[in-house]
Structure formats: structure tokens, C-alpha cells
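Q: Need a 3D model of the following:
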Amino acid sequence: LLCGTGVPATAQTAGSLDPSFGHQFWRGSSPYDTPWVTVVLPARDGKVYLGGSDIDLLEGPWPRPAIARLTSDGTLDGSFASGVASWLGDNEDAYVYAAALQPDGKLIIAGECLLESAPSVRVLRLNADGTRDTGFTARTLPVGDDVRMLALQEDGKILIGAEIVSKVPPFDLPRITTVGIQRLNADGSQDPGFKSVSLAESQGFDAATCVVVLPDGKLLIGGESYTSGPLSANGRRCLQLNADGSLDTSFGPVVVDLDLYQSQGSMRRGSVFAMVRQSDGKVVIGGSFTHVNGSPKNSIARLNADGSLDESFDVGLRKGSLVTSMTQQDDGRILVGGFSVNVLGTGYASIARLEADGSPDRSFSPGFAIEYGISTIALEADGNVLVGGSFSLLNGASRRGYARLLGSDRPTAQDRYATAAQLSLIHI
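A: From the prediction side, this is the model:
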């Protein structure tokens, strides 16, 4: 059941707020002075990493950090470089978009302006205490470019997806962008065996936002565009790459478009911000769109293994919904977070849980998340749900930027901690 509908959530209801987790740390004097959390990443020992922008904890140092670690009860972990990677200094442009936790406890972070002394650094690795791992080759890009997508392969290699703005002309002209998808070795050096795909504007991408590593080593990439224009092949937002980085031409094409202004006859290119692969090989995509391959689908759709649209999967989201994050439980149910994620006949919400066939799971009953909404979701080993975003109230309680919701009565057992936490930067 989506938030804001049905029987009010109680302490025993899946989706209700865990009141024991997290405190009102934020310095802001106004209840609407909120951070923007785009990473919530649980560790094996129960601690939780937060990443994003303006993560302003009272116990932490000033100015605002972009990465911090919490104890299992949601309080600041002072053993993690005083709760923030101190080498970020006072660089207020620092932003962590994605993070992945290695089995040895080291943390890989990706974003923009991660090092005050070298603003071009986009990918770094931290030791378990939060200090910089100088044995890892930091990845750099020109100022203005950033890394949005990060995934850790089972062999320890690292996939990154970057928005590369090769030229920024006057605002009345389109931006010239390419999207670089690269693979790094475990030490951060470039993997010469990967083709380091540059997806030009003709492919329809302005930024790579999410990735699914398939069992055969192929990569399914989702992306976004900032450009308006007529419906065309340039609306491709999902591409599949072979294990060596070359384009898999047997997949798709998947054309995703957003049409919120039918009366004007215009099509704005849609975006894919999240993906999960189901046990039968089908892939559920979420983002900001109204059509997939010409068929009406609002913000969630399912693709067959070959990239064709599965018409039987229909969640029933209303036009205008924005899905920013999805994660799949071991029982196949899918948690969906975003902005105004609402199913027909229900109120506006920020998080919902779906059955594997796309129908709403009515046993999951959280409350409203106001302000902007939820940007990222993660599952803890006991089935509880961590959420991050830009909000100040959740289930009627004061929670700014992050919270824990009580999870499923079918707890997860799968080891998730070596996989990447994927972020989607939403342009609104």
C-alpha cells in the first residue's frame, strides 16, 4: 500500500518509521533547511554510509561534508575521520553521487570536486577510518564534468559512467556532451581491455545514471537527457554492452520519451534513473517518462531480455510521477522511491513496494515524505529499508534527509554489501 492511503502505519507495519534510528542532527534553524542525501549504504557491521551534499550533522565539523558514517542506531560515527572525510575541506562544491563498499571495508566514492586541493578528482577510495587511500589512482575529469554511475564487479573491477561536457555554449544553444563509460582495475588504473565507450548525443544520452551487471558479464546501462525535442531514435535510454564494453546490437533499441504537454505537441526526452533485474532475466526500469517504444508507460516499465517492452507489466503510475531509485528484495518484491510516486486511486507518495508482477504490495504502508522526496533506497540484512533524499518529515515525524523504515516479514539473506550503491542525480 502506498504512503498516505489505507490504514495508518504502526510500529508493527512494514514500511512504518523506525523511531530508534537517527536523530535531528541538522544545524539548519528552519525545519525546511534540509540536506540532499543521494547515498545510503549499509555495511556488514550494521553501520551506514551517507553521501550527497550538505550532510550537516551537529556533531560533525563545519563546513558541510559530502560523506559520513553512522552507527547502527543512526548516530554519527566519530571514528570515521570525525564523521566526515576531512580532506574534503571547505570545498562546498563536493558532491558524492555514488558509492560502493569493498569486501575489505574500503569505500569507493564517485561524484564531483571530491578533493579540495584537486577539484578535478571524480573517483576516490577511502580507508575504513575515512582517510584517503593513496594507493588508489584517483580518476580526474575537467571541472564541470562528473561521475554519476558506479558499480563494483565481482572480480574487483570498477565501472564508472561520466557526464562529459566537452563544450558549454550560451544557454540558448544545446550543450555538446558525450557520456564516457569506463572500467577501472581494482587499484583505480584504467582497464585497457575495456573499450571505454563514448556514447555520443546521437545515441540519446547526456549522462549514464545506472547499471546492471548481467550474469554473462554484459552491462545494461540506463541514462538521461536534458534536451527537448520530437520523438525519435535519439530517445534511447537503455543500452546493453558486451563484457568488453562494445555495444550489443542485439538488444533493443529502447526508446524512452516524456510527454507532459500533449496540447503543445512536443516530446521531451525521458530518462531512466533506476533498474532491477528479475530472476527470469526481465528488467524493470524506472525514471521520468510517459512512453516506452511508443507505448504509454508512466515512469515504470519492464523490458524483456532482448530489450523489447513487456506490455503485461503495468504498475499504473500517474503521469508526472518520478522514480529515482529501486531495489529488489530476495522474494522478488521491488521497493520504489521517488517524487510523487502515486498509483491510480491512491494519494501522492515517495515510496512504495511492488509485487514481482507490478501490482502494489498492500502490506507495505509507510507515510508521506514531504518536501522533494526520496532519491535512494537500500536494504539492510534484516530486511529493514534505508531511505535518503531531501525531506524534513517522514510518517509525520521530523526526519531530515535519511531514515529507516521497518521492512518485510520475509527478511533478506542475500549478501548485498559487495555490490554498488547506485545513484541518480535528478535534474529538476
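
Q: Show me the helices in the stretch 151-300 of the chain, by range?
A: Shown for the stretch 151-300 of the chain, no helices are assigned by DSSP state H, counting those that start in this stretch.

Q: shaky segments in it?
A: For the stretch 151-300 of the chain, residues meeting the criterion pLDDT under 70 lie at 164-179, 196-206, 225-235, 260-268.

Q: Report pLDDT for Pro360.
A: Note on Pro360: pLDDT of 88.

Q: and if you look at Ala301?
A: 97.

Q: Show me the beta-bridge partners of it.
A: Ile285 (DSSP bridges).

Q: which intervals of the stretch 1-150 of the chain have sub-threshold pLDDT?
A: Using pLDDT under 70, the flagged stretches of the stretch 1-150 of the chain are 1-12, 23-35, 54-65, 82-93, 116-119, 142-144.

Q: Which stretches in it count as helices?
A: Ranges of helices in the stretch 1-150 of the chain, per DSSP H, counting those that start in this stretch: none exist.

Q: check contacts around the residue lying closest to Leu126 once chain neighbours are set aside.
A: Using Cβ to Cβ, 6 or more residues apart in numbering and skipping residues adjacent in sequence, the residue nearest Leu126 is Leu107, 4.5 Å away. Quick note: C-beta positions are derived from backbone N, CA and C, even for glycine. Residues counted as contacts of Leu107 (Cβ atoms under 8 Å, 6 or more residues apart in numbering) are 41, 49, 67, 99-101, 125-126, 128.

Q: List only buried entries from the residues you listed.
A: The neighbour count (16 or more other Cβ atoms under 10 Å) marks 41, 49, 67, 99-101, 125-126, 128 as buried among those.

Q: Go through the residues you listed and say which is closest to Asp259.
A: Of all the buried ones among the contacts of Leu107, Asp259 sits closest to Ala99, with 34.1 Å by Cβ to Cβ.

Q: isn't that closest one right next to Leu150, touching?
A: Yes - assessed by Cβ atoms under 8 Å, Ala99 is found in contact with Leu150 at 6.9 Å.

Q: give me the number of residues near Asp145?
A: Using other Cβ atoms under 10 Å, Asp145 has 19 other residues around it.

Q: Who does it form a beta bridge with?
A: Using DSSP bridges, the bridge partners assigned to Asp145 are Val143.

Q: That one and Glu224: what is the separation?
A: Separation of Asp145 from Glu224 (Cβ to Cβ, to the nearest Å) stands at 15 Å.

Q: who does the residue nearest to Leu126 bridge with?
A: Beta-bridge partners, per DSSP bridges, of Leu107: Leu101, Leu126.

Q: okay if I get the contacts of Leu107 as CSV plus distance to Gln190?
A: Converted to CSV, the contacts of Leu107 look like this (distance: Cβ to Cβ, whole Å):
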residue, distance to Gln190
Leu41, 25
Tyr49, 26
Ile67, 24
Ala99, 21
Ala100, 18
Leu101, 22
Arg125, 15
Leu126, 21
Ala128, 26
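
Q: Among these, find me the one that's closest to Ala243.
A: Closest to Ala243, out of all of the contacts of Leu107 and judged by Cβ to Cβ, is Ala100, at 18.9 Å.

Q: Surely the closest one is in contact with Leu150?
A: Yes - counting by Cβ under 8 Å, Ala100 touches Leu150, with 5.6 Å between them.

Q: tell me the contacts of Gly389?
A: 36-38, 324, 337, 350, 369, 372-376, 401-402.

Q: Next, count neighbours for Gly111.
A: Other residues close to Gly111 by other Cβ under 10 Å number 29.

Q: Val96 versus that one, what's the distance?
A: Distance from Gly111 to Val96, by Cβ to Cβ: 4 Å.

Q: which residues are common contacts for those two?
A: With Cβ under 8 Å, 6+ apart as the test, Gly111 and Val96 both reach 51, 66.

Q: and Leu309, what does it touch?
A: Here Leu309 is in contact with 254, 292-293, 295, 297, 301-303 (criterion: Cβ under 8 Å, 6+ apart).

Q: Would you mind measuring from the residue nearest to Leu126 to Leu152?
A: Distance from Leu107 to Leu152, by Cβ to Cβ: 11 Å.
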